[in-house]
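Asks: no sequence on this one, just coordinates:
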């Protein structure tokens with residue numbers, strides 16, 4: 001993808017991001033065709049938005065998510081710093097037209113995992129984690145029907161991230177088998193999705209290892225960044241006015257209201 005096309009795609013997405021507009025598709029002349037194209041656009045989009053990223057999301061870490069987006073493997077997306085919220089936040093439905101909701105494990109890094117040639121191992125990545133949080137990713141793409149555009153377009157669009165809501169840090173999480181932790185998503189007290197940490201590449205920490213090794217040739221991961229590892233509860237659409245809770249059992253809960 002030529003630099004001019006990537007810049008044009010980023011400008012179009014940034015304008016939609018700022019205005020809350022929804023695109024039908026990307027014009028053919030600036031449409032990313034490969035994931036390599038997507039990441040070029042994504043990098044330029046972050047620069048166009050001009051708000052520092054606060055971390056990352058990993059998309060399509062579960063078979064169910066890959067089926068929705070017709071993906072063969074996970075992908076990485078930037079999370080804008082001003083779109084990371086604490087549990088209990090009230091988000092305006094007018095600003096989040098899609099309101100996709102996903103219950104996820106999110107890690108906060110206490111130390112960097114910098115760029116390097118040698119692959120990162122599981123123990124090294126786990127040691128870099130400072131905290132684990134129950135999380136809800138709010139999926140809010142800049143496309144009117146994001147399942148009908150190409151995967152490279154979705155990835156270019158920050159991986160369709162709209163916001164990330166974090167619950168309190170989980171104490172003594174290293175003693176737990178995250179693969180077996182059950183997660184239940186409710187909307188106005190009605191269960192809409194259930195799953196376990198095992199849906200996320202076998203274990204959420206393994207998704208973080210995937211990202212560390214994806215990023216090690218692209219600048220690495222920085223200390224303080226949040227990484228949300230993909231849905232355990234499937235993908236649901238929240239109504240315009242509702243109370244959403246992801247319940248991680250002994251690990252705690254995280255909630256968001258749409259109004």
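Replies: Looks like it came in fine. A quick note: this is a predicted structure, and the numbers were derived from the prediction, not measured. Numbers count the residues shown, from 1 in each chain.
Asks: ok, the nearest residue to residue 258 once chain neighbours are set aside to residue 198 distance?
Replies: For residue 258, ignoring the flanking residues on the chain, the nearest one in space by C-beta to C-beta, 6 or more residues apart in numbering is residue 93 at 4.9 Å. (Each C-beta comes from the backbone N, C-alpha and C, glycine too.) If you measure residue 93 against residue 198 using C-beta to C-beta, to the nearest Å, the figure is 32 Å.
Asks: could you list the buried residues of the least confident helix or strand in the chain by mean pLDDT?
Replies: Ranking every helix and strand in the chain by mean pLDDT, DSSP states H and E puts helix 63-69 at the bottom, with a mean of 87. Within helix 63-69, the residues that count as buried by 16 or more other C-beta atoms under 10 Å are 64-66, 68-69.
Asks: how distant is it from the center of its chain?
Replies: Centroid displacement of helix 63-69 relative to its chain, using C-alpha atoms, centre = their mean, to the nearest Å, is 14 Å.
Asks: quick check: what element follows that helix along the chain?
Replies: Note on helix 63-69: by DSSP states H and E, the next helix or strand toward the C-terminus is strand 75-80.
Asks: got the contact list for the next helix-or-strand element following that next one?
Replies: Heading C-terminal from strand 75-80, the first helix or strand you meet, by DSSP H and E, is strand 84-86. With contact meaning C-beta atoms under 8 Å, 6 or more residues apart in numbering, strand 84-86 is reached by 54-55, 91, 163-166, 226, 256.
Asks: try stretch 165-173
Replies: Outside of stretch 165-173, the residues that reach it under the criterion C-beta under 8 Å, 6+ apart are 84-87, 89, 106, 108, 131-138, 226, 246, 248, 251-256.
Asks: can you list which of these are found in helices?
Replies: In helices, judged by DSSP state H, none of those are found.
Asks: what are the boundaries of the strands in the stretch 1-150 of the chain?
Replies: Secondary structure of the stretch 1-150 of the chain (DSSP state E, counting those that start in this stretch): strands located at 53-59, 75-80, 84-86, 89-91, 100-109, 113-114, 129-139.
Asks: would you list those in a markdown table and tack on mean pLDDT, mean neighbour count and distance to residue 46?
Replies: As requested, the strands of the stretch 1-150 of the chain are exported to a markdown table (pLDDT from 0 to 100; neighbours: other C-beta atoms under 10 Å; distance: least, C-beta to C-beta, whole Å):
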| stretch | mean pLDDT | mean neighbour count | distance to residue 46 |
| --- | --- | --- | --- |
| strand 53-59 | 95 | 24 | 6 |
| strand 75-80 | 96 | 22 | 5 |
| strand 84-86 | 98 | 16 | 14 |
| strand 89-91 | 97 | 16 | 21 |
| strand 100-109 | 97 | 25 | 18 |
| strand 113-114 | 98 | 19 | 19 |
| strand 129-139 | 98 | 23 | 18 |
